[in-house]
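J.: below is the sequence, then the predicted model.
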Amino acid sequence: MKKVIALIVFFTSAFFTGCEDVVDVDLDTAPPKLVVEAAINWQKGTTGKQQTIKLTTTTGYFESVIPTVSGAVIYIKNSENVQFNFTEVPKTGRYVCNNFVPEINETYTLTVISGGNTYTASETLKSVAPITRIEQNNEGGFTGKDIEIRAYYNDPADADNFYLYKYVYSNKITSNFYADEDKFFQGNEFFSVSDDDELKAGDEIEITHYGISKQYYNYMSILVSIAGSNVGGPFQSPPATVKGNIINTTDKANYPLGYFSLSESQTKKFKIE
């Protein structure tokens, strides 16, 4: 009987070993696109003078290194034509300005010159309502048993306001973003809320609120929706290519990815008790 079992195991192993094969998947390769990370954030309580813009390109699905773009010319002008130049940290694709002047409701224009193309975008710097308090609720979530954190603020009543919330958790590698508008709470107290049902005592959260434009709100709402949909497998095409506000004035068909945004922001840290 033992011999019969041994033979069954042997032939079963041989069968599955013989069926193993390497599958080569041919993926379509598109020309690389410029990716512009140009989020100008004025943190409350700071001068906002130092700002950074990063240039990269898209790359293959299985590539582990994201190519950076060096040698570009980058500057931002305000409505009075004052120019703020961004200088590259050598061979990093990171371009830094140390004398930027942020001003609420001021309109700025970004120019990026790279690879024989000129890219431009215009946006207005928006304010953010200060965070007034942070509260912990140990009976939150859908189950009523999760730890839930809320960061409160008073929405201004004299304007339509749009917000971006960022939550960074010490127990997670990734950050959570979500966009909001004051359509249903204009002029009232409101809050952002944590989105982690595994919070426990001792965990730390970094909460950032950004004031954003309506156009950036629409853009981020789509991005957050796509990122959170989790549809399809690793080889499924993305639901849509989300175009930002940056235009290639040299070749409009060769549009870049990314968005030029300007926000006043506030960051608070909270430790779970």
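T.: Structure received.
J.: what's the span of stretch 180-193, first residue to last?
T.: End-to-end distance of stretch 180-193: 11 Å, with C-alpha to C-alpha, to the nearest Å as the criterion.
J.: which residues sit against that stretch?
T.: Residues from elsewhere that reach stretch 180-193 (C-beta atoms under 8 Å, 6 or more residues apart in numbering): 132, 148-157, 160-165, 167, 178, 207, 209, 214, 217. Any C-beta I mention is one placed from the backbone N, CA and C, and that applies to glycine too.
J.: shouldn't residue 209 be within a strand?
T.: Yes. The assignment for residue 209 is a strand, going by DSSP: H, G, I helix; E, B strand; the rest coil.
J.: mind checking how far it is from residue 221?
T.: Look at residue 209 and residue 221: by C-beta to C-beta, to the nearest Å, they are 16 Å apart.
J.: so which of the contacts of stretch 180-193 belong to strands?
T.: Judged by DSSP state E, the subset of the contacts of stretch 180-193 located in strands is 132, 148-154, 162-165, 167, 178, 207, 209.
J.: list buried residues within the contacts of stretch 180-193.
T.: Among the contacts of stretch 180-193, those buried by neighbour count (16 or more other C-beta atoms under 10 Å) are 148-151, 153, 155, 161-165, 167, 178, 207, 209, 217.
J.: closest to residue 258 among the residues you listed?
T.: Nearest to residue 258 among the buried ones among the contacts of stretch 180-193, counting by C-beta to C-beta, is residue 164 at 15.2 Å.
J.: let me see the mean pLDDT of the host helix or strand of residue 109.
T.: Taking DSSP states H and E as the criterion, residue 109 maps to strand 107-114. The pLDDT scores in strand 107-114 average 98.
J.: which outside residues touch it?
T.: Applying C-beta under 8 Å, 6+ apart, the external contacts of strand 107-114 come out as 34, 36, 38, 40, 53, 55, 69, 71-79, 118-125, 246, 256, 260, 262.
J.: any of these buried? List them.
T.: Buried members of these, scored by 16+ other C-beta under 10 Å, are 34, 36, 38, 40, 53, 55, 69, 72, 74-76, 78, 119, 121, 123-125, 246, 256, 260, 262.
J.: residues in contact with the residue nearest the centre of the chain?
T.: Geometric centre of the chain, nearest residue: residue 177, 7.1 Å, by C-alpha atoms, centre = their mean. Listed by C-beta under 8 Å, 6+ apart, the contact partners of residue 177 are 164-167, 220, 224.
J.: separation between it and residue 195?
T.: Distance, residue 177 to residue 195, using C-beta to C-beta: 10 Å.
J.: need the overlap of contacts for these two.
T.: Here residue 177 and residue 195 have residue 167 as joint contacts, going by C-beta under 8 Å, 6+ apart.
J.: doesn't residue 219 fall inside a strand?
T.: No. Residue 219: not assigned to a strand; according to three-state DSSP it is helix.
J.: if I look at it, how far off is residue 244?
T.: Applying C-beta to C-beta, the value for residue 219 to residue 244 is 6 Å.
J.: got any residues that touch both of those two?
T.: Common contacts of residue 219 and residue 244 (C-beta under 8 Å, 6+ apart): residue 259.
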